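Chemist: Have a look at this prediction, sequence included:
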Amino acid sequence: MAEIPKVLSIAGTDPTGGAGIHADLKTFQEVGAYGMAVITSVVAQNTVGVKDVWHMENEAILKQLEAVLEDIRPQAVKTGMIALPSMIESITDRLERENLPIIVDPVMVATSGDSLMDKETTELMINRLLPIAEVVTPNMEEAEKLTGVNVSTIKEAEKAARLLVDEMGAGAAVVKGGHAKDTAIDVLYYKKEFIHLTADRFDTKHTHGTGCTFSAAIAANRAKGIPVIKSCELAKEFITKAISHPLNIGHGSGPVNHWGRFLEK
Ligand SMILES: Nc1ncnc2c1ncn2[C@@H]1O[C@H](COP(=O)(O)OP(=O)(O)O)[C@@H](O)[C@H]1O
Ligand SMILES: Cc1ncc(COP(=O)(O)OP(=O)(O)O)c(N)n1
């Protein structure tokens with residue numbers, strides 16, 4: 001029997017189910033991989049905003065991670081919200097011992113505008129986690145914070161993506177264009193080439209968890225053995241379908257529809 005693709009998310013929670021670990025697990029399931037999750041922070045948030053955050057002790061994170069790795073080896077890992085410097089250090093130390101594709105979603109700012117990462121953690125993200133990332137997936141603001149490049153055009157997104165790979169050590173970078181005005185073009189830079197992941201832009205406020213879902217889809221595709229470029233293209237199709245069929249849930253920026261790919265449009 002063929003091995004079941006297995007994928008691990010290391011991220012924070014969203015009790016309303018739209019972002020973080022919850023979005024990741026839904027996405028893994030939909031894309032056809034067995035999903036597992038290590039929780040870094042418990043976040044009291046909803047579609048309107050973040051209310052409070054409780055960070056797990058490093059020991060609790062590492063014991064969760066060890067429990068997974070000693071029993072069920074994933075074929076890919078995705079990291080999301082990792083909010084403290086010590087968390088980055090210990091998670092990176094442990095992951096460096098494994099030879100696995102790591103998809104890093106550098107969660108720094110939620111759609112609600114709430115900041116999810118401080119400066120010291122950002123620096124460690126750059127120095128420790130980026131160099132072991134197979135793919136890093138910042139949105140435009142995160143790409144700016146990571147590279148110092150002002151990102152408001154495709155050319156600037158290309159410049160940031162190239163820096164993330166050629167200077168900062170990631171294997172590939174996708175600078176997501178979800179926060180642009182009229183388009184939804186994501187810039188992928190891999191092996192010295194740019195690929196524009198293009199889709200219609202939808203006029204909707206229901207985009208909570210788009211970044212988590214997109215990077216989780218890349219990770220699940222990689223766990224299935226699909227090559228990097230194809231994994232990103234399929235993830236773009238998946239997130240586009242998920243956005244195009246809004247659920248209209250919540251009082252703020254509502255979650256995307258993880259089973260959207262089954263619906264006609
Ligand atoms: N309104 C939209 N219409 C179409 N695609 C979108 C829209 N908003 C976001 N996306 C897509 O969702 C994915 C996540 O992008 P983005 O929202 O920029 O990330 P984040 O959630 O990390 O801020 C990208 O593929 C982006 O192009
Ligand atoms: C626990 C947790 N992780 C990540 C986010 C932000 O998720 P993202 O997919 O980038 O979603 P939006 O920025 O579109 O909300 C979060 N809110 N909580």
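Modeler: Great, that's in hand. Numbers count the residues shown, from 1 in each chain. Ligands and ions are numbered 1, 2, ... in the order given.
Chemist: need the residues of the stretch 1-150 of the chain near ligand 2, please.
Modeler: 11-14, 19-20, 43, 45, 80-81, 107, 110-111 (Cβ under 6 Å from any ligand atom). C-beta coordinates here come from the backbone N, C-alpha and C atoms, glycine included.
Chemist: Now do the contacts for whichever residue of the stretch 151-265 of the chain sits closest to ligand 2.
Modeler: Minimum separation of the stretch 151-265 of the chain from ligand 2 (Cβ to the nearest ligand atom) falls at residue 211, amounting to 3.0 Å. Residues counted as contacts of residue 211 (Cβ atoms under 8 Å, 6 or more residues apart in numbering) are 105, 107, 137, 139, 176, 178.
Chemist: And the pLDDT at the fifth one?
Modeler: It stands for residue 176. At residue 176, the model reports a pLDDT of 98.
Chemist: beta partners for it?
Modeler: Beta bridges link residue 176 to residue 139, judged by DSSP bridges.
Chemist: how would you label the residue of the stretch 51-200 of the chain found nearest ligand 1: helix, strand or coil?
Modeler: When scored by Cβ to the nearest ligand atom, the stretch 51-200 of the chain has residue 178 as its residue closest to ligand 1, at 2.4 Å. Assigned state for residue 178: coil (three-state reduction, DSSP: H, G, I helix; E, B strand; the rest coil).
Chemist: if we can go back for a sec, can you list which of the residues of the stretch 1-150 of the chain next to ligand 2 are found in helices?
Modeler: Residues of those located in helices (DSSP state H): residue 20.
Chemist: Name the SS class of the residue of the stretch 151-265 of the chain closest to ligand 2, please.
Modeler: Per three-state DSSP, residue 211 ends up helix.
Chemist: Could you do residue 215 as well?
Modeler: Recorded secondary structure, residue 215: helix (three-state DSSP).
Chemist: Can you tell me how far it is from ligand 1?
Modeler: Per Cβ to the nearest ligand atom, to the nearest Å, residue 215 is found 8 Å from ligand 1.
Chemist: contacting residues around that residue?
Modeler: 78, 80, 103, 104, 105, 135, 137, 235.
Chemist: What sits closest to it if chain neighbours are left out?
Modeler: What sits nearest to residue 215 in space, not counting adjacent residues and going by Cβ to Cβ, 6 or more residues apart in numbering, is residue 105, at 3.8 Å.
Chemist: Which phi and psi values does that neighbour adopt?
Modeler: The phi/psi pair for residue 105 (degrees, to the nearest 10) reads phi -100, psi 110.
Chemist: One more: residue 178?
Modeler: Note on residue 178: backbone dihedrals following degrees, to the nearest 10 are phi -60, psi -20.
Chemist: For the residues of the stretch 1-150 of the chain next to ligand 2, give me JSON lines that also has distance to residue 128, neighbour count and pLDDT.
Modeler: Below are those laid out as JSON lines (distance: Cβ to Cβ, whole Å; neighbours: other Cβ atoms under 10 Å; pLDDT from 0 to 100):
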{"residue": "11", "distance to residue 128": "17", "neighbour count": "29", "pLDDT": "98"}
{"residue": "12", "distance to residue 128": "18", "neighbour count": "27", "pLDDT": "97"}
{"residue": "13", "distance to residue 128": "23", "neighbour count": "21", "pLDDT": "98"}
{"residue": "14", "distance to residue 128": "25", "neighbour count": "26", "pLDDT": "97"}
{"residue": "19", "distance to residue 128": "24", "neighbour count": "29", "pLDDT": "97"}
{"residue": "20", "distance to residue 128": "21", "neighbour count": "30", "pLDDT": "97"}
{"residue": "43", "distance to residue 128": "22", "neighbour count": "26", "pLDDT": "96"}
{"residue": "45", "distance to residue 128": "26", "neighbour count": "24", "pLDDT": "95"}
{"residue": "80", "distance to residue 128": "16", "neighbour count": "26", "pLDDT": "97"}
{"residue": "81", "distance to residue 128": "16", "neighbour count": "27", "pLDDT": "95"}
{"residue": "107", "distance to residue 128": "16", "neighbour count": "26", "pLDDT": "90"}
{"residue": "110", "distance to residue 128": "23", "neighbour count": "21", "pLDDT": "61"}
{"residue": "111", "distance to residue 128": "26", "neighbour count": "21", "pLDDT": "60"}
